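> Any chance you can model this:
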Amino acid sequence: MKKSTITTVAISLTLLLALFFLLRSCVIQNTKPEDCKTIEVKITKIKEGTSYDIVFYDDGSDFYYINRGLEQGLNLDSLKTKVLNKTVTLHLAKIMGGITSEHISQMALGDEIIFTEFN
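Here you go, the predicted structure:
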């Protein structure tokens, strides 16, 4: 094999491995409170997103989501009754080097936990 072919294969494998680890670091599983950023936000709109997600909007331009929330037994109407136009506490999962995602790991209204992924 020529040296340039070996170099090309090595670079390709390195890029493939880097892409694999990058994508793997964006998967959110088994989050813990210490792996999250906690914020308080007033919920002004709730709607169904793609893939059965539940999307919550604040009074600004931000949004947050519960991944596949409708499949997990959550109901849009009851969530609207419970949290719409109220301030909730969100635990947002951190990904890849500590970047905060919009993925809700836990939602609470006062002392009541509305949703949690924490064990």
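
> Neighbours of K37, how many?
Residues lying near K37 (other C-beta atoms under 10 Å) number 14. All C-beta atoms are positioned from the backbone trio N, CA, C, and that covers glycine.

> Oh, that last question was meant for T87, not what I typed.
13.

> What of L92?
Other residues near L92 number 21, with proximity taken as other C-beta under 10 Å.

> And the residue nearest the centre of this structure?
H103 (1.8 Å; C-alpha atoms, centre = their mean).

> a strand runs through I104, doesn't it?
Yes - inclusion of I104 in a strand is indicated when DSSP: H, G, I helix; E, B strand; the rest coil is applied.

> Bridged to it, which residues?
L92 (DSSP bridges).

> which residues touch it?
56, 64-67, 90-93, 115 (C-beta atoms under 8 Å, 6 or more residues apart in numbering).

> Tell me, what's the model's pLDDT at it?
Per-residue pLDDT puts I104 at 96.

> Kindly report the same for L19.
50.

> Please apply the same query to D35.
On pLDDT, D35 comes in at 86.

> Strands - which of the contacts of I104 land there?
Of the positions in those, 56, 64-66, 90-93, 115 sit in strands, assigned by DSSP state E.
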